[in-house]
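Visitor: Return a 3D structure for these sequence lines:
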Amino acid sequence: MLALVLRRIARPQLATRLPAVSRWYSPGQTKFSTDGERAIYEKLTERFKPSELHVEDVSGGCGTFYQIIIASDQFKGLPLVKQQRLVNETLKQEIQGIHGLQVRS
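Guide: Numbers count the residues shown, from 1 in each chain. Predicted coordinates for the structure are as follows:
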């Protein structure tokens, strides 16, 4: 079953809430642990042009559970459910093969 979590995180608190081992990717980042991370990152970057984006395969590299943290001007003023729907629509193909997805915007 696809577990979806969407929570609003205030930008100043974002860095303090993530584990120290988290990997942050800038728009020019080319190193990813898995091809799934790269595919998700590229689709979200193309669609939302985020100011912050973090994509991590937290399933140990097998590609069944991803953590996504995204901040985009396109989310301003939208309810959390609408933000979740936009991300889900963008990742429609990828979600079919994922058992869990945690999205924070």
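
Visitor: which residues touch Ile70?
Guide: Taking CB atoms under 8 Å, 6 or more residues apart in numbering, we find Ile70 in contact with Leu44, Phe48, Pro50, Glu52, Leu53, His54, Val87, Val103, Arg104, Ser105. Backbone N, C-alpha and C define where each C-beta goes, glycine included.

Visitor: Which ones among these map onto helices?
Guide: With DSSP state H as the criterion, helices contain Leu44, Phe48, Val87 from among the contacts of Ile70.

Visitor: okay if I get these as JSON lines plus distance to Ile95 and pLDDT?
Guide: JSON lines is the format used below for those (distance: CB to CB, whole Å; pLDDT from 0 to 100):
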{"residue": "Leu44", "distance to Ile95": "13", "pLDDT": "95"}
{"residue": "Phe48", "distance to Ile95": "16", "pLDDT": "96"}
{"residue": "Val87", "distance to Ile95": "9", "pLDDT": "96"}
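
Visitor: With neighbour count and distance to Ile70 as new columns, can those residues be given to me in TSV?
Guide: Formatted as TSV, these follow (neighbours: other CB atoms under 10 Å; distance: CB to CB, whole Å):
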residue	neighbour count	distance to Ile70
Leu44	21	6
Phe48	20	7
Val87	24	7
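
Visitor: hey, what's the closest residue in space to Ser33 that isn't next to it in sequence bridged with?
Guide: Once flanking residues are discounted, Ser33 sits nearest to Asp57: 5.8 Å by CB to CB, 6 or more residues apart in numbering. Beta-bridge partners of Asp57, counted by DSSP bridges, are Tyr66.

Visitor: Report the contact partners of Asp57.
Guide: Counting by CB under 8 Å, 6+ apart, Asp57 has contacts Ser33, Thr34, Gly36, Glu37, Gly63, Phe65, Tyr66.

Visitor: So the residue lying farthest from the centre of the chain, which state does it fall into?
Guide: Here the chain reaches farthest from its C-alpha mean at Gly77, the gap being 19.1 Å by CA atoms, centre = their mean. Using DSSP: H, G, I helix; E, B strand; the rest coil, the structure places Gly77 in coil.
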